[in-house]
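Trainee: Quick one, fold the following:
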Amino acid sequence: MRRTIGVNTWVWTSPLDDDSLVEIAAKAKSMGFGALELPVEQPGDWSPDVAADVLAEHRLQPIVIGAMAPGRNLVAAPGSEVVATQNYLVHCIAVAERLGSRVVAGPFTAATGRTWRMDAEERESRYRELVGSLGPVVRAAERSGIRLAVEPLNRYETSLVNTVEQALEALGPMLGPGLGLALDSYHLNIEEKHVGDAIRAAGEHLAHVQVCGNDRGAVGDDHTDWPAFLDALDDAGYPGPLGLESFTGDNDTIAVAASVWRPLAPSQDELAERSIRYLSALQDERERP
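Mentor: Coordinates of the predicted model:
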């Protein structure tokens with residue numbers, strides 16, 4: 001199965017704005033990418049109307065990404081904070097509807113970087129709370145023909161949902177047309193005993209996939225078994241894009257949030273170019289008789 005290869009604008013900038021979107025879209029297209037992941041860090045950072053025109057000009061598939069900044073929480077938080085987070089996610093859904101994105105993907109549980117210890121009883125309670133908080137958002141997504149995709153994060157970025165097994169346990173009652181899972185090779189590498197088995201376990205619930213080297217660098221420069229990774233996606237029946245997600249270290253906020261303490265490639269352009277060259281060549285090889 002040949003998949004579209006996309007790239008996240010976080011590879012080059014944060015926060016995204018209209019001017020950088022125009023520049024990045026042209027660059028991504030020239031490199032051969034077929035999709036662009038567009039993070040909505042704060043509503044209003046960039047115009048969905050401008051983005052729709054730019055993406056159409058370059059024939060890039062849109063993928064909307066949400067960000068769980070400090071204060072965005074769906075569990076263990078004041079009611080006003082939960083409502084504000086729900087409203088933010090509904091805004092992301094409206095942006096996706098305007099752009100024609102089929103998913104809104106992100107770690108939609110608690111603020112990224114927020115961790116605390118839980119016993120089994122509290123975890124079960126927080127999972128029930130999460131389902132309740134996500135309910136109105138999932139219904140809004142389903143009405144719009146969009147699928148919210150919740151991403152498990154590694155243990156250093158959350159203590160709530162780290163693995164596919166936990167995600168299935170937490171979200172099981174709601175998984176369907178309006179809710180699925182987003183998996184990221186970086187987090188899978190840290191948390192899963194067997195990456196392929198975790199992908200297969202997600203199965204029909206797999207709504208979006210992000211990739212990068214195991215060090216957040218270029219795909220193919222690392223120890224990840226990428227042929228086996230793609231085999232697992234085939235087995236899971238996932239036909240969607242592969243979104244390259246890495247981060248620039250030039251922005252203090254995103255560098256700290258993503259723990260980017262050193263250059264991950266000689267340049268961000270080279271990181272993107274090496275990744276798409278590797279993935280394109282791998283897909284070419286898999287298509288040969």
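
Trainee: so Leu181 touches Val164, yeah?
Mentor: Yes - under the criterion of C-beta atoms under 8 Å, Leu181 makes contact with Val164 at 6.9 Å. Bear in mind the C-beta positions are built from the backbone N, C-alpha and C, glycine included.

Trainee: shared neighbours of the two, anything?
Mentor: Common contacts of Leu181 and Val164, defined by C-beta atoms under 8 Å, 6 or more residues apart in numbering, comprise 152, 202.

Trainee: could you point out the longest helix in the chain?
Mentor: The longest helix of the chain (DSSP state H) is helix 120-143.

Trainee: which other residues reach the helix or strand that that helix is followed by?
Mentor: Next along the chain after helix 120-143, taking DSSP states H and E as the criterion, comes strand 147-150. The contact list for strand 147-150 (C-beta under 8 Å, 6+ apart) reads 89, 93, 102-109, 134, 137-138, 141, 161, 167, 171, 177-182, 207-208.

Trainee: doesn't Glu287 make contact with Arg2?
Mentor: Yes - contact criterion C-beta under 8 Å: Arg2 and Glu287 qualify, at 6.4 Å.

Trainee: Helices of the protein, residue ranges please.
Mentor: Ranges of helices in the chain, per DSSP H, are 18-31, 48-58, 79-99, 120-143, 164-171, 185-191, 195-202, 226-236, 252-257, 268-287.

Trainee: Report all helices and strands that the lowest-mean-pLDDT helix or strand in the chain contacts.
Mentor: When each helix and strand of the chain is scored by mean pLDDT, DSSP states H and E, helix 252-257 comes last, with a mean of 77. Helices and strands touching helix 252-257, as assessed by 3 or more C-beta pairs under 8 Å, 6 or more residues apart in numbering; DSSP states H and E, are absent.

Trainee: Now it: buried residues?
Mentor: 254, 257 (16 or more other C-beta atoms under 10 Å).

Trainee: Show the end-to-end separation of stretch 252-264, please.
Mentor: For stretch 252-264, the first and last residues are 15 Å from each other (C-alpha to C-alpha, to the nearest Å).

Trainee: what about that stretch, distance to the chain center?
Mentor: 17 Å (C-alpha atoms, centre = their mean, to the nearest Å).

Trainee: Need the residues that contact that stretch.
Mentor: By C-beta under 8 Å, 6+ apart, stretch 252-264 touches 10, 14, 112-113, 156, 213, 215-218, 246-249, 271.

Trainee: The residue nearest to Asp45 when sequence neighbours are not counted: what's it in contact with?
Mentor: Leaving aside its sequence neighbours, Asp45 sits nearest to Pro15 (C-beta to C-beta, 6 or more residues apart in numbering; 4.7 Å). With contacts defined as C-beta under 8 Å, 6+ apart, Pro15 is in contact with 39, 41-42, 45.

Trainee: From the residues you listed, which land in strands?
Mentor: When the contacts of Pro15 are checked against strands (DSSP state E), the matches are Pro39.
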